[in-house]
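# A structural model of the following input is requested.
(2 chains)
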There are 2 protein chains.
Amino acid sequence: MDAADDMARRLLAGERPALARMITWAENADARFAAALALVYPRVGRAWRIGVTGPPGAGKSSLVNALIEKLRERASTVGVLAIDPSSPYSGGALLGDRIRMEERTTDPGVYIRSMATRASHGGLARAAVDALDVMDAFGFDWLLAETVGVGQAEYEIAGAADTVLVVLCPGAGDGIQAMKAGLLEVADVLVANKSDLAGADQLVTDLEDALALRALSRNRRRTPLVVPVSAHDGSGLDALLAAIEAHRRELEGGDLAALRREKRVRQVRRVVGERLDEVLFGSAGRTEQAAALLGKSRTPYDVAEELLGSILASTHRTRA
Amino acid sequence: MDAADDMARRLLAGERPALARMITWAENADARFAAALALVYPRVGRAWRIGVTGPPGAGKSSLVNALIEKLRERASTVGVLAIDPSSPYSGGALLGDRIRMEERTTDPGVYIRSMATRASHGGLARAAVDALDVMDAFGFDWLLAETVGVGQAEYEIAGAADTVLVVLCPGAGDGIQAMKAGLLEVADVLVANKSDLAGADQLVTDLEDALALRALSRNRRRTPLVVPVSAHDGSGLDALLAAIEAHRRELEGGDLAALRREKRVRQVRRVVGERLDEVLFGSAGRTEQAAALLGKSRTPYDVAEELLGSILASTHRTRA
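Numbers count the residues shown, from 1 in each chain, chains lettered A, B, ... in the order given. The predicted structure is shown next:
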């Protein structure tokens, strides 16, 4: 058994196995994680966190590869977290992009970690933020968090970053699909990827129109930039980095501390939710109890109320 | 103020405004919902629930339209729940598919309801299941739940159905993308949509290969069928309905009761989680308390522990 204080010491000493191990603790909701995190927490908060999301096929992994290269050219170090819900296939021969990314890990300035969706009930977002905190404490300058899917949980993970890139590509009515999927809502920078393909100009126009329409319909602090990029031939990558850095400067000159505090409160909620779920349903007995109560044809609300009875009573006393 | 018992009575009397209103209660986590649901719950469980998920652009809405038509030809009634995370645009001129679907609502045998993602922390999946329960009690024969995104939360919603359709279309390396996104994991039937387009045969072959590989690598009860469909020209729709009905017969002859109970226990967990989150963070004061505790540079785990202190203590007493 590794002790939490030993793990924290090794992480701060720059030992890669400790980095990998501590993220596994986060992923498994290991009881030692909280103590180890507390010991390294003073070092958390220096890295700039970039969330990368967008529909399947938009070229997110290639873009992340290209960004790693650009950042390494500037001698910055980069930690990458790839959130991949397909655990049985991770690392298999089918995931060419991911494997090309992981080849890069011979470079000591880059660390790439995949995280599969074992956890449910919000556990994945909680573990992803924990992993970014660990990489941050380890000392990487930039962190990239890439999600494979595009939905509520993935937006939540991307939204835990400082700058959110939404990656789209030409074709398949992406302009409209982007709106349907609520992607515009989470974007700080919209990346019109595969700018070397036909239809790329149309995508940029569609996105800019959609953003203009949206700016009219709601009062929003800031409209995201649209940046055409080809991860394939490298064009637009400097403009993308410039857009990210402009967003960073804007936040650092204003709301960064408040925004990061909000994001940490959200993490507190996730930890609280997961702990309570574990207490209430972590044992087979509790789940069976819930199933047995349902067997009397009561609604989920009735059963929830009964399970919550004692807890809520004591909470109300505390608040009174 | 509508009373819960009045609402339940009107729902069971077949009044559409009561149907719409009660789903809004579910969406808003209105306190009256639980009481109204309890009154109609004996009528829940007769509809067959079909979840429809897949990447943006795969043609899910067109497929849902085509399925509605097919089911209506058989004089079955259909309730549709469309989970759409882009609230600001819902019902706007941009969502052609959705509007074409809603035109159909002049047919008294069809009800279509969009649900936007206001809720967070698992609230959307909870509200979606509630809405399906309400439609079920109202008396529809078939329920279709379509998600727009493709990620953890969307899989969870689709997984609350009895039969899960995963919709894919040719192009953009969808075969591999499907695996990356974990779509195969949730599918009872794989719909190879747009079978009239080039590359359709390749998609079917890719999916069948992937399924064969998967069957080798893991011990799974059942391998999903791959059904080529063109929602555009209508081909394959009868085969799709036959596949759905075969899946239904299989479950009805076996695990249906146990599977539905499992799904209801999951709903209990969602209700419990949401209630506790509301108790702990529902007031601005509590959130500020969490933010203030974080201000002392403590980790989210420390703060969660402090907020949970009294609750966990009382729970341990209850369990002891």
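
# need the contact partners of stretch A:19-32.
A:2-4, A:7, A:11, A:33, A:36, A:111, A:113, A:115, A:118-119, A:123, A:127, A:130-131, A:134-135, A:138, A:274, A:278 (C-beta atoms under 8 Å, 6 or more residues apart in numbering or on different chains). Every C-beta, even on glycine, is put in place using the N, C-alpha and C of the backbone.

# can you check stretch A:296-313 too?
In contact with stretch A:296-313 (C-beta under 8 Å, 6+ apart) are residues A:280, A:286, A:289-290, A:293-294, B:33-34, B:37-38, B:41-42, B:129, B:264, B:267-268, B:270-272, B:275-276, B:279, B:311, B:314-315, B:318.

# returning to that earlier point: just the buried residues of the contacts of stretch A:19-32.
The neighbour-count test (16 or more other C-beta atoms under 10 Å in any protein chain shown) applied to those identifies A:4, A:7, A:11, A:33, A:36, A:111, A:113, A:115, A:119, A:123, A:127, A:130-131, A:134-135, A:138, A:274 as buried.

# filter these down to the ones in helices?
Restricting the buried ones among the contacts of stretch A:19-32 to those inside helices, with DSSP state H as the criterion, leaves A:4, A:7, A:11, A:33, A:36, A:123, A:127, A:130-131, A:134-135, A:138, A:274.

# ok, back up a step: which of the contacts of stretch A:19-32 are close to chain B?
residue A:33 (C-beta under 8 Å from any C-beta of the partner chain).

# quick one: the strands in the stretch 201-320 of chain A, in order.
A:225-228 (DSSP state E, counting those that start in this stretch).

# show me the domain layout of chain A.
Chain A breaks down into these structural domains: A:44-268, A:283-319 (assignment by automatic domain parsing).

# least reliable of those domains going by mean pLDDT?
Within the domains of chain A, the stretch with the lowest mean pLDDT is domain A:283-319, showing a mean of 75.

# give the buried residues for it.
Buried residues in domain A:283-319, defined by neighbour count with 16+ other C-beta under 10 Å: A:286-287, A:289-291, A:293-294, A:298-305, A:307-308, A:311-312, A:314-315.

# chain neighbours aside, what residue packs nearest to residue A:41?
residue B:299 (5.0 Å; C-beta to C-beta, 6 or more residues apart in numbering or on different chains).

# burial check on the closest residue to chain B within the stretch 1-150 of chain A, number of neighbours?
Proximity of the stretch 1-150 of chain A to chain B (C-beta to the nearest C-beta) peaks at residue A:149, 3.1 Å away. Counted by other C-beta atoms under 10 Å in any protein chain shown, the residues lying close to residue A:149 total 29.

# stretch A:139-155: which residues count as buried?
A:140-155.

# run through the bridge partners of residue A:146.
Residues in a beta bridge with residue A:146, per DSSP bridges, are residue A:52, residue A:82.

# right, and the residue of the stretch 1-150 of chain A closest to chain B touches residue B:156 too?
No: with contact taken as C-beta atoms under 8 Å, residue A:149 and residue B:156 are classed as non-touching, separated by 11.6 Å.

# work out which residue lies at the spatial centre of chain A.
For chain A, residue A:157 is the residue whose C-alpha lies nearest the centre (C-alpha atoms, centre = their mean; 3.1 Å).

# contacts only, for it.
With contact taken as C-beta under 8 Å, 6+ apart, residue A:157 is in contact with A:51, A:53, A:83, A:124, A:125, A:128, A:129, A:145, A:147.

# nearest residue to the third one in space, please, no chain neighbours.
Nearest non-adjacent residue to residue A:83, counting by C-beta to C-beta, 6+ apart: residue A:147, 4.6 Å away.

# got a list of what residue A:9 touches?
Taking C-beta under 8 Å, 6+ apart as the criterion, residue A:9 is in contact with residue A:39.

# if I've got this straight, it is in a strand?
No: using DSSP: H, G, I helix; E, B strand; the rest coil, the assignment for residue A:9 is helix, not a strand.

# the stretch 101-250 of chain A: helices as residue ranges?
For the stretch 101-250 of chain A, the helices defined by DSSP state H, counting those that start in this stretch cover A:123-138, A:152-158, A:174-180, A:183-186, A:200-217, A:237-252.

# for these, which one sits closest to residue B:203?
Go through the helices of the stretch 101-250 of chain A one by one with C-beta to C-beta and the one that ends up closest to residue B:203 is helix A:174-180, at 18.8 Å.

# please report how far the residue of the stretch 1-150 of chain A closest to chain B lies from residue A:245.
28 Å (C-beta to C-beta, to the nearest Å).

# likewise residue A:45?
Note on residue A:45: its distance to residue A:245, by C-beta to C-beta, is 18 Å.
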